[in-house]
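Q: what's the 3D shape of this:
(one chain, ligands or ions: 2)
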Amino acid sequence: MNWNQHYNYHFPTEIFFGPGIIKKLGEHLKQRNLKKPLLVTDEKLSQLPLFKKIYESLKSSGLDPEGYHQIHKNPIKNDVLSGVESYHQKNCDSIIGLGGGASMDVARGIALKCFHERDLFDFDDSLGGDQYVTEKIPYFITVPTTSGTGSEVGRSTIIADDITKEKKILFSPRLMAKAVFADPELTLDLPFHVTAATGMDAFTHHIEAYLAKGFNPLCDGLALEGMKLIGESLEKATHKPCLETHSKMMMAALMGATAFQKGLGLVHSTAHSLSTLFDLHHGLANAIMLKYGLVFNAKTSGDKLQFLSKFLNLENQTAQGFIEYIEFLTHSLGLPQTLSSQGVKEADIEKLAGLAIKDVCHQSNPRPVTEYDFRNIYKQALKGDH
Ligand SMILES: NC(=O)c1ccc[n+]([C@@H]2O[C@H](COP(=O)([O-])OP(=O)(O)OC[C@H]3O[C@@H](n4cnc5c(N)ncnc54)[C@H](O)[C@@H]3O)[C@@H](O)[C@H]2O)c1
Ligand SMILES: [Fe+2]
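A: Numbering: from 1, shown residues only. Ligands and ions are numbered 1, 2, ... in the order given. Modelled structure (predicted):
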């Protein structure tokens, strides 16, 4: 594969992939008679030259883009509702989610709420909310600028309650972006710790999808190839950014969210509670918890973990070897290894476990998890014992 070329796929939606492909976004909208996209990007990103360049390029294509930037690190309902107001006030006709998972999730939430009267949380996946997704959804495009969440090809958006900060997953197959512009050049200037943490999020997607119970060989195939891409590129992308490694990471990230259509696992449940209670970045929370989650799952998924160690050609080709590799990788990426480093205390574990057990992700975990198990897993992660 030549990572310098442009590619066009239709899986799971239309994907335009390659360095510089973002320049074709304006033309894409014009061809569909769209003129006024709402460009949804977080405040920090909106200050960067990258954003200004995209904004100007849309203008020079004859479009009239409007910006929207109220996005929390872990987005809340009000971010979506204010965005809907902006969309209508400014007479927009389409939505572009430009940024990391947070920006793309808020953009997807706005797309959902624009023409749906119901309360945003009525669309909660755990309550069967997708049955209410019946109205029009504006033309919606995603442009990832991190390689992690895979939200660009996702069908759900994760939004927290403004007050309790509890994360809700709002899902509908209709929330899939109509087109994805995945341009690896946009990730080249990411701070190295963001490349590392978001990359570990993508890795966790592949690992959890591969271990998830259920039968989905399509997703298993994606997960294996995604892990291979990450294995050969994440460290380099973090410490020595170049177009090829960033291209591989961007591809692996969007494959990850496709793979986890099969399901995720307990690591994501632990991470969601950490973001809720400590506003911890999603990728960072996964990076810390992954090792401890694998130790727990080794009891039922030892064969699969051993297979992964062989598949990735690790030195120690056992289940334990795969867990050690994850520990080594997180360390070499410069990421923290314990929850205590993030200010979590023993006294917080009860609350964290109480939230984790309510999270849907662990329902597809290969080994059933109880609240008691969650407490133990958090305890181990607190100081790094396992
Ligand atoms: N919808 C889904 O399927 C799904 C899956 C996993 C996670 N999520 C959500 O995604 C969010 C996390 O997303 P994330 O990990 O991408 O982090 P993020 O969106 O919070 O971005 C991380 C930081 O990097 C900055 N940034 C982004 N792109 C940059 C660039 N190119 N150059 C410089 N700085 C840049 C952002 O401004 C931000 O400060 C969480 O809210 C999580 O709940 C959604
Ligand atoms: Fe994730």
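
Q: list the buried ones in the helix or strand harbouring Phe328?
A: Applying DSSP states H and E as the criterion places Phe328 in helix 319-332. Residues 319-327, 329-330 are the ones in helix 319-332 that count as buried (16 or more other CB atoms under 10 Å). (Each C-beta comes from the backbone N, C-alpha and C, glycine too.)

Q: what does stretch 66-82 give?
A: For stretch 66-82, a neighbour-count test (16+ other CB under 10 Å) marks 66, 68-72, 74-77, 79-80 as buried.

Q: Also stretch 263-279?
A: For stretch 263-279, by 16+ other CB under 10 Å, it's 263-276, 278.

Q: Check stretch 172-185 too.
A: Buried residues in stretch 172-185, defined by neighbour count with 16+ other CB under 10 Å: 172, 175-185.

Q: any chance of these in CSV, plus secondary structure and distance to ligand 1?
A: As requested, those are exported to CSV (DSSP: H, G, I helix; E, B strand; the rest coil; distance: CB to the nearest ligand atom, whole Å):
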residue, secondary structure, distance to ligand 1
Ser172, coil, 12
Leu175, helix, 9
Met176, coil, 11
Ala177, coil, 11
Lys178, coil, 16
Ala179, strand, 17
Val180, strand, 13
Phe181, strand, 13
Ala182, strand, 12
Asp183, coil, 10
Pro184, helix, 10
Glu185, helix, 9
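
Q: Next, format these as CSV and append pLDDT.
A: Output for the buried residues of stretch 172-185, formatted as CSV (pLDDT from 0 to 100):
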residue, pLDDT
Ser172, 95
Leu175, 97
Met176, 97
Ala177, 98
Lys178, 98
Ala179, 98
Val180, 98
Phe181, 98
Ala182, 98
Asp183, 98
Pro184, 98
Glu185, 97
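
Q: Nearest to Leu224, out of those residues: which one, please.
A: Ala182 (20.5 Å; CB to CB).

Q: Now render the buried residues of helix 319-332 as JSON lines, adding pLDDT and distance to Met249.
A: JSON lines is the format used below for the buried residues of helix 319-332 (pLDDT from 0 to 100; distance: CB to CB, whole Å):
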{"residue": "Ala319", "pLDDT": "98", "distance to Met249": "26"}
{"residue": "Gln320", "pLDDT": "98", "distance to Met249": "27"}
{"residue": "Gly321", "pLDDT": "98", "distance to Met249": "23"}
{"residue": "Phe322", "pLDDT": "98", "distance to Met249": "20"}
{"residue": "Ile323", "pLDDT": "98", "distance to Met249": "22"}
{"residue": "Glu324", "pLDDT": "98", "distance to Met249": "22"}
{"residue": "Tyr325", "pLDDT": "98", "distance to Met249": "18"}
{"residue": "Ile326", "pLDDT": "98", "distance to Met249": "17"}
{"residue": "Glu327", "pLDDT": "97", "distance to Met249": "20"}
{"residue": "Leu329", "pLDDT": "98", "distance to Met249": "13"}
{"residue": "Thr330", "pLDDT": "97", "distance to Met249": "16"}
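
Q: out of those residues, which one sits closest to ligand 1?
A: Among these, Thr330 lies closest to ligand 1 (CB to the nearest ligand atom), at 15.6 Å.

Q: for the closest one, what are its contacts?
A: Thr330 is in contact with 200, 287-288, 290-291, 337, counting by CB atoms under 8 Å, 6 or more residues apart in numbering.

Q: at 6 Å instead, please
A: Ala287 (CB atoms under 6 Å, 6 or more residues apart in numbering).

Q: how long is stretch 131-150 end to end?
A: In stretch 131-150, first residue to last residue: 24 Å (CA to CA, to the nearest Å).

Q: Could you tell me how many residues sit around Ser341?
A: 13 (other CB atoms under 10 Å).

Q: Pretty sure it sits in a strand.
A: No: assignment of Ser341 by DSSP: H, G, I helix; E, B strand; the rest coil gives helix, placing it outside any strand.

Q: Can you tell me how far it is from Thr330?
A: Distance, Ser341 to Thr330, using CB to CB, to the nearest Å: 12 Å.

Q: picking that back up, which member of the buried residues of stretch 263-279 is positioned nearest ligand 1?
A: Taking CB to the nearest ligand atom as the measure, ligand 1 lies nearest Ser275 of the buried residues of stretch 263-279, at 6.4 Å.

Q: by contact count, what packs against whichever strand or helix holds the closest one?
A: Secondary-structure element containing Ser275, defined by DSSP H and E: helix 266-278. Contacts defined by 3 or more CB pairs under 6 Å, 6 or more residues apart in numbering; DSSP states H and E place helix 266-278 against helix 282-311, helix 349-358.

Q: Show residues contacting it.
A: 74, 165-167, 204, 208, 280, 282, 285-286, 289-290, 293, 352, 355-356, 359, 361-362, 365, 369.

Q: number of nearby residues for Lys358?
A: 14.

Q: And the helices in the stretch 101-250 of the chain?
A: 101-113, 192-211, 217-239, 243-259 (DSSP state H, counting those that start in this stretch).
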